[in-house]
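Enquirer: need the 3D shape of this:
(chains A and B)
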Amino acid sequence: MNGAEFLYGGAVKAFELIINLDPYVMSITGVSIKVSGTATILAALTAIPLAFALSFLNFRGKQGLITLVNTGMGLPPVFVGLFIYVMLVPAGPLGFLKMILTQEAMILAQYILVTPIIAGISLAAIKAVPGPIIETVYTLGGREKDAVITTLKEAKFGIITAILAGLGRALAEVGAILIVGGNIAETGSIAGIGEGLSRTRTLTTAIVSETSKWDISTALALGIILISLNLSVNLLANFFRGRD
Amino acid sequence: MISGIFETFINNVLCLNEHKVENILTKIIFFSILISLIAGCVQNTPSGDLTSMTKTAPPPQELVLATTTSTCDTGLLDVLNKKFEETNNVKILTVCEGTGKAIATGELGAADVVMVHAVQAELIAVANGSFINRTYMMYNYFVIIGPENDPAGIKTAKNASDAFSKIAARQSQFISRGDESGTYKMEKSIWKAANITPAGTWYQSVGKGMGETIVTANIKEGYTLSDRGTYLSMKDKTDLRILFEADQTYLFNPYHVMAVNPAKFQNVKYDLAIRYINYTTSQQAQDIIRDFGRDKYGEALFTPAIINERR
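Expert: Now for the predicted structure:
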C-alpha cells in the first residue's frame, strides 16, 4: 500500500464508522467532547474574569500574573500530564482524591493547559478595544460597570475566538490526557475498535494507540472524525456570531 | 443589579436585539437539540445498557490492570478478561503501556494488578515490597526478525548472542525499542552476553512501541528483536521475516501476573487481584491462552504456563 491508498482507506473507514454510528467510536468521541468541553467551559469561567481583572484592576503582582498567563500559553502538555500524574497517584500528595486514570483527572489537566490560552487571547482582545470608546463611556456618565460591559461588547469576537482556540487546543491535545487518563477502553476494545466502550480513551489517545500498532487506516479515520468535530464546532461558532 | 449586568452580557454576546429575536429563537432551539444529542451520547457512555438498570444487580467492581502492549495489541486480553468479567461481575480497566511503565504504575499504587514480561525488573519490584503473589501464567519466545535476504546471515547463528554478534560485525541496520519495555530489557541482556556495546550509525534507538519499531525496521530494512505475538499480529503489514528463534535460553519470554502489595496501598483491590491471578492460571484461562490466535494467525501467540508444566 502506498500513502494515498492509506489515506483513501482511512477516509472510507471514517465514513463507515460515522454512518454506522459505531458504538465504540461514538463513545471515544463522547469522552473527547465531554472532557475537552468541560475543561474549556471551566477554563473560560476562570480565564475571562481573570482577563478583565488584569485589564481593569490594579494590584500588586499584576505584571507577574500577566507574565505567568503568557508563559502558560506555551505549557508543554506532557509536562503538565506528568506533573498531575505524580500529584494524583495514590503514592502522591493528592492520592486521596482517587482521581488518577479518570475523566476528572483529564479535565483537570486540560483545564490547566487551556486557562492561560483563553486568558491570554482574551486579554489581548480587551487591550485592543480603543481607549476613546472607554473614555466616552465615562464622559457620558458611565461607571466602571458600564466600561466593563462596553469592553465586553467590543471585545466579544476576540473572546469567542479565545474560547474556540482553547477548545481546539483541548480537543487536539494528547500528551497530558494519555498520561493521566491511561487511554482505557473496556474489555472488547482494548486492542481497538470492538464492543467495549471508552472510559478514558479519546479520539486523540486512540489515534496514538492505533498508530503504535500501525493500524494506519483506523488512525487516519479517527483523525478525520476529530477534524470534522473541530470543523463543526467552528461552524457552530460562526452560526452564533451571525452575519456581522 | 447583578442580573442586569448578566442580561446585558447575554444580550451583547448573543447579538440580541428586537428584529433579530426570531432568528435567535431558532438558533437557541437548534443549539439545545444539539446539546441534548451530545449529552445523550455522553451519558450513555459509562454504564450504557438498560438490562443493568432493570436488574437490581450490584454495580460491577472495577479492577485496574496495568500491562504491556503485547498482551493488549494482540487482542489476547479482550478475550481473556471477558470470561473473568462475566463470572465475577467485574469491569477490568486495562492500561496498556509497556512493562517498565506498568511496573511503575503499580509501584505508585495506580493499579491493582500488573501483567508483565521482564523477570529481572519483576524480581526487583517484588523484593522492594511493591508487589506480592507473583505468578507465572504463560510464555512465548522472542524472535529476531529482519529482511528476507538476511544480509548478516543470522539464520545459521548458534544462539541469540551469536546472531547479534553477526549483525554488529556486518554493521547491518538494527532498530532498537530503546524504552523500558520487557523487549528492550531482553535486547540489552543479549548485547551484554555477546560482549558488545551497540553504537554507531547502524544501531538506532527509536523509543517507540513494538508495532512502530517493526515498521521502522521494515522501512530501514534492518533487524529488530520482537515478541512473537506482536510480530505475528503484524505479519501482513511487514516484509520482515523471522530469521532466528531457536534460542531457548536468551529468547525465552515468560509473562507473570502480580498483585500490588496491599500493605503498601490500603486502597488497592487485593482480593479481586488475587481472584484475577488465580483465574489466569485456571484451566479455563489457560485453554483460552493456548488457543488464542490460531484462527487469526494460524498459530498460537502464547503458550500457557501450567499446561506446559504438566507435559
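Enquirer: give the contact list for the closest residue to chain A within the stretch 51-200 of chain B.
Expert: At 3.1 Å from chain A, B:Gly109 is the closest residue in the stretch 51-200 of chain B, using Cβ to the nearest Cβ. In this view, the C-beta of every residue, glycine as well, is placed from N, C-alpha and C. Contact partners of B:Gly109, counting by Cβ atoms under 8 Å, 6 or more residues apart in numbering or on different chains, are A:89-91, A:95, B:260, B:264-265, B:267-268.
Enquirer: please report how far the residue nearest to B:Gly178 when sequence neighbours are not counted lies from B:Glu107.
Expert: Distances taken as Cβ to Cβ, 6 or more residues apart in numbering or on different chains place B:Ser205 nearest to B:Gly178, at 3.1 Å, with adjacent residues excluded. B:Ser205 sits 25 Å away from B:Glu107, going by Cβ to Cβ, to the nearest Å.
Enquirer: neighbour count winner among those two?
Expert: B:Glu107 (22 against 15; other Cβ atoms under 10 Å in any protein chain shown).
Enquirer: dihedrals phi and psi, the nearest residue to that one once chain neighbours are set aside?
Expert: Nearest residue to B:Glu107, sequence neighbours excluded (Cβ to Cβ, 6+ apart): B:Ser130, at 4.4 Å. The phi/psi pair for B:Ser130 (degrees, to the nearest 10) reads phi -80, psi -30.
Enquirer: thought B:Ser130 was touching B:Ala259?
Expert: No: counting by Cβ atoms under 8 Å, B:Ser130 does not reach B:Ala259; the two are 10.1 Å apart.
Enquirer: more neighbours, these two?
Expert: Counting neighbours by other Cβ under 10 Å for B:Ser130 and for B:Ala259 shows that B:Ala259 has the greater number, 24 against 21.
Enquirer: specify the local secondary structure of the more buried one.
Expert: Put simply, B:Ala259 is strand when judged by DSSP: H, G, I helix; E, B strand; the rest coil.
Enquirer: burial of A:Asn238, as a residue count?
Expert: The criterion is other Cβ under 10 Å. On that basis, A:Asn238 has 12 neighbouring residues.
Enquirer: and the pLDDT for it?
Expert: Note on A:Asn238: pLDDT of 81.
Enquirer: how about the strands in chain B?
Expert: For chain B, the strands defined by DSSP state E occupy B:61-67, B:90-96, B:113-116, B:131-146, B:174-176, B:203-205, B:224-227, B:241-244, B:252-260, B:303-304.
Enquirer: sheet partners, orientation included, of the shortest one?
Expert: Using DSSP bridges, the strands paired with strand B:303-304 in its sheet are strand B:131-146 (antiparallel).
Enquirer: pop the domain breakdown of chain B in here.
Expert: By the assignment in automatic domain parsing, chain B contains the domains B:1-32, B:58-140+B:254-310, B:141-244.
Enquirer: just how off-centre is the second one within its chain?
Expert: The gap between the average C-alpha position of domain B:58-140+B:254-310 and the chain average comes to 11 Å, counting by Cα atoms, centre = their mean, to the nearest Å.
Enquirer: please apply the same query to stretch B:177-185.
Expert: The chain centroid and the centroid of stretch B:177-185 are separated by 13 Å, computed with Cα atoms, centre = their mean.
Enquirer: show me where the stretch 1-150 of chain B has its helices.
Expert: B:2-13, B:21-47, B:50-54, B:69-73, B:76-88, B:99-107, B:119-127 (DSSP state H, counting those that start in this stretch).
Enquirer: for chain A, that is, sorry about that
Expert: A:3-19, A:23-56, A:62-72, A:77-88, A:103-127, A:131-139, A:144-172, A:175-181, A:203-212, A:216-241 (DSSP state H).
Enquirer: need the ones you listed in TSV with distance to B:Ala102, can you?
Expert: Output for the helices of chain A, formatted as TSV (distance: least, Cβ to Cβ, whole Å):
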stretch	distance to B:Ala102
helix A:3-19	30
helix A:23-56	22
helix A:62-72	32
helix A:77-88	14
helix A:103-127	18
helix A:131-139	58
helix A:144-172	27
helix A:175-181	14
helix A:203-212	15
helix A:216-241	23
